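Peer 1: Sequence below, structure please.
(2 chains)
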Amino acid sequence: MPDALKIEIKEIPDVGEILDRQRRPMLEAGRLALTDRLVRNFERKDQAGNARGWPHSRFWERVAGSVTSAADGDKIVATVTEPGARLRWKGGEVRPKAGKKALAIPVDPSVAHERPSEYTGRGGALFAVWPKGKNAGFLANRGTDKKHARILWMLVSKTKHDPDPTVIPPEDELRDAIVRAMRRAWRAAQ
Amino acid sequence: MTAADKILQKALAGSKLDTAGWSGIQAGLRDRAFFSAKVEEARVLAEARRMCADVADGRMDASEFRRDMRRALGQAGIDPGDGSVRDLHARARLDLIMDTNVRQARGWAQWREATTPGALAAFPAREFVRVGRREKERKNWPERWAAAGGRIFGGRMVALKDDPVWTRLSRFGTPYPPFDFNSGMGVHEIGWDEAVELGLLKDDDPPPKMEDRGFNDGLSAKLPKGSEKDMDPFLRETFGAQVSIDGNNVVHWNEHLIRDMLDGTGQSNAPLGKGLYNPDLLKAIGDEDLRRRAGNTGLTISTQWMATHAKKHVAPSGKGGANMPLNPGDFELIPSLWRKPDGVERYSDNEITIWLDTLDGGRLTLGVNLLKGSPTTFRKQKAAGAPSPA
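Peer 2: Here you go, the predicted structure:
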């Protein structure tokens, strides 16, 4: 329309720029909210202690300490570097590594959380027995004679682990915590 | 930077200091060092550092760490002792080394995440809580908290993240867990609304700003004003060529200077200070004048010298020689080699050759011109070979 009236206001704030400036602190807040939720959950699991009454391995405490989170596009990703957490969450089968014939499961508290290679490395002597036709064997320490040997590890060809969904809190709970934190960071940026 | 990177970044610091002695070292300097009480052997520390980084990254478990460390100790000629925590072979000692270093690095990584501007806006405070069970739990944490200037809110030990209580509380002088050896104490994040409810701040207060205290960049290694003259001889006596103090009274681990020079980001010279202090080693030098100079000469590494030798990946020689390629870690051992070599030999009127056996079967050999205070040659050979003259 040739006679239209146009009013032009220049130099208004760039909305995109405003959102970009707020995006980073919001993601920083969201990351930390995820880390904190996971850390607290892992620490709660550590309270249960060792079911067999063996020396406490502090596994879940280590898992809690190994959590960090990063923002990537429209998602926040937490990483847990302590090995074993994923197996406990998802469950699964564990088989020996390449070149190994069996998994060694400690069955005596004196070797709790110890590999046979550590035991022999510090001077201990072991002998292995795998009865014919059986799917399990054992490692025993070489005492003065085999009659008085003590079984320290069971040898198995594989282990199966049930999943434990309580390792990670429900996704909705985590998302709510992230969103609350992001909202708080957005408010602070106003 | 990951937790593993944080560990690998630390300079090897061999010394005779015990735990109490290390507690007396300024936190900023201690935080940048990889050490263990009374361990002088740089190569043992190098192995421990590498393995702690592997544990932090989930590539190694505790049993493998203990097994491989005992192997390394045996190779370094360190025998098992009485099984106490002073015995490097003992499980208690090895677990302490691994646990403390890995937890500190992980604590640092979580601290970095917790102190970004956005994180502080949503979670301005932390609560000091028990996070792990222990057979013998220290009960005096509330008293230690109060003595460090912390306030207690309804039985809860809570503080804003920029509160100095966090560094004062810690045995290690760092504002993140662990706060003591094997303590089982850690932190939980406290959200903004809860912090306001507790009275730590008001709703319209700005979030804490960590930049003001420099926590994000690590602790300063600057010597307190007036202490320079006393600290200088103590640091030199304790760490020898491993440290130097610049014109601004900031203490540097020389390994970091060398690393920066290799990266091309550092200064053009790294003065390593006076050399051979071990009387037994000095006796090996027959000439009295040369012996005196070996003990009093300061060695300076230049970028040019580094560049020449860094480019020179010494390939296995065809004459049955046993040269091994040099890697950056070998250069970083030069301050430790200068401080405490395994052996010394006179090469000429003004030159000596010093060497250090590494745990990968190599022998690092450094030629030093005592008149000029400069290195000559640097090579790594298979340890079975005697050090050939520089």
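
Peer 1: Which residue is the nearest non-sequential neighbour of residue 61?
Peer 2: No chain specified, so I'll use chain A. In space, and not counting its chain neighbours, residue A:61 is closest to residue B:132: 3.9 Å by C-beta to C-beta, 6 or more residues apart in numbering or on different chains. No exception for glycine: its C-beta is placed from N, CA and C like everyone else's.

Peer 1: try again with chain B
Peer 2: residue A:83 (6.6 Å).

Peer 1: Pretty sure the one you found sits in a helix.
Peer 2: No. Residue A:83 is assigned coil when assessed by DSSP: H, G, I helix; E, B strand; the rest coil, not a helix.

Peer 1: shouldn't the residue nearest to residue A:61 be in contact with residue B:184?
Peer 2: Yes. Under the criterion of C-beta atoms under 8 Å, residue B:132 makes contact with residue B:184 at 3.8 Å.

Peer 1: Could you tell me which residues touch both of the two?
Peer 2: residue A:61 (C-beta atoms under 8 Å, 6 or more residues apart in numbering or on different chains).

Peer 1: My guess is residue B:198 contacts residue B:158. True?
Peer 2: Yes. In this structure, residue B:198 is within contact of residue B:158 by C-beta under 8 Å, at 5.9 Å.

Peer 1: Looking at these two, which one has more neighbours?
Peer 2: Neighbour totals were compared for residue B:198 and residue B:158, and residue B:158 leads with 25 against 16 (other C-beta atoms under 10 Å in any protein chain shown).

Peer 1: which SS class is that one?
Peer 2: Going by three-state DSSP, the secondary structure assigned to residue B:158 is strand.

Peer 1: what's around the residue nearest to residue B:61, how many residues?
Peer 2: By other C-beta under 10 Å, neighbour count at residue A:83 equals 17.

Peer 1: Next up, the contacts around the residue in chain B that chain A sits nearest to.
Peer 2: Nearest to chain A in chain B, going by C-beta to the nearest C-beta, is residue B:118, at a distance of 2.9 Å. Residues near residue B:118 by C-beta under 8 Å, 6+ apart: A:24-29, A:32, A:185.

Peer 1: show me what contacts residue B:122?
Peer 2: Applying C-beta under 8 Å, 6+ apart, the residues near residue B:122 are A:29, A:32-33, A:180-182, A:184-185, A:188, B:191-192.

Peer 1: ok, of the residues you listed, which one's closest to residue B:380?
Peer 2: residue A:32 (45.0 Å; C-beta to C-beta).

Peer 1: hang on, isn't that closest one packed against residue B:111?
Peer 2: No. With contact defined as C-beta under 8 Å, residue A:32 and residue B:111 do not form a contacting pair (10.9 Å).

Peer 1: who has more neighbours, the two?
Peer 2: With neighbours defined as other C-beta under 10 Å, residue A:32 and residue B:111 compare such that residue A:32 has more, 29 against 20.

Peer 1: what's the burial count for the residue nearest to residue A:61?
Peer 2: Neighbours of residue B:132 (other C-beta under 10 Å): 22.

Peer 1: Compute the distance between it and residue A:45, please.
Peer 2: 11 Å (C-beta to C-beta, to the nearest Å).

Peer 1: Residue A:155 in helix, strand or coil?
Peer 2: strand.

Peer 1: Might one say that it is in contact with residue A:136?
Peer 2: Yes. With contacts counted by C-beta under 8 Å, residue A:155 reaches residue A:136, the gap being 6.3 Å.

Peer 1: hey, what's in contact with both of these two?
Peer 2: Joint contacts of residue A:155 and residue A:136 (C-beta under 8 Å, 6+ apart) are residue A:130.

Peer 1: These two: which has the busier surroundings?
Peer 2: residue A:155 (19 against 12).

Peer 1: so residue B:270 sits in a strand?
Peer 2: Yes. Looking at residue B:270 with three-state DSSP, it is inside a strand.

Peer 1: host element of the residue nearest to it when sequence neighbours are not counted?
Peer 2: Excluding the flanking residues, the one nearest residue B:270 by C-beta to C-beta, 6+ apart is residue B:257, at 4.1 Å. Assigned by DSSP states H and E, residue B:257 belongs to helix B:254-263.

Peer 1: What of residue B:189?
Peer 2: Short version, using DSSP H and E: residue B:189 is in strand B:185-190.

Peer 1: starting at the chain centroid, how far to that strand?
Peer 2: 26 Å (C-alpha atoms, centre = their mean, to the nearest Å).

Peer 1: Then stretch A:73-91?
Peer 2: 5 Å.

Peer 1: And it, end to end?
Peer 2: 29 Å (C-alpha to C-alpha, to the nearest Å).

Peer 1: again with stretch B:114-133
Peer 2: End-to-end for stretch B:114-133, by C-alpha to C-alpha: 24 Å.

Peer 1: ok, back up a step: common neighbours of residue B:198 and residue B:158, please.
Peer 2: B:125, B:190.

Peer 1: got the buried residues for stretch B:110-123?
Peer 2: B:110-123 (16 or more other C-beta atoms under 10 Å in any protein chain shown).

Peer 1: related to what we said a few turns ago, from the contacts of residue B:122, which has minimum pLDDT?
Peer 2: Least confident entry in these, by pLDDT: residue A:188, with 88.

Peer 1: Give me the pLDDT value at the residue nearest to it when sequence neighbours are not counted.
Peer 2: Spatial nearest neighbour of residue A:188, chain neighbours left out: residue B:121 (3.7 Å); criterion: C-beta to C-beta, 6+ apart. The score at residue B:121 is 96. That number is its pLDDT.

Peer 1: Any chance of the backbone angles for residue B:121?
Peer 2: Backbone torsions of residue B:121, given as degrees, to the nearest 10, read phi -70, psi -30.

Peer 1: Quick one: residues contacting residue 34.
Peer 2: Here I'm looking at chain A. Contacts of residue A:34 by C-beta under 8 Å, 6+ apart are A:69, A:76, A:78, A:174, A:177-178.

Peer 1: you looked at the wrong chain, it should be chain B
Peer 2: Taking C-beta under 8 Å, 6+ apart as the definition, contacts of residue B:34 comprise B:7, B:10-13, B:45, B:48-49, B:52, B:101.
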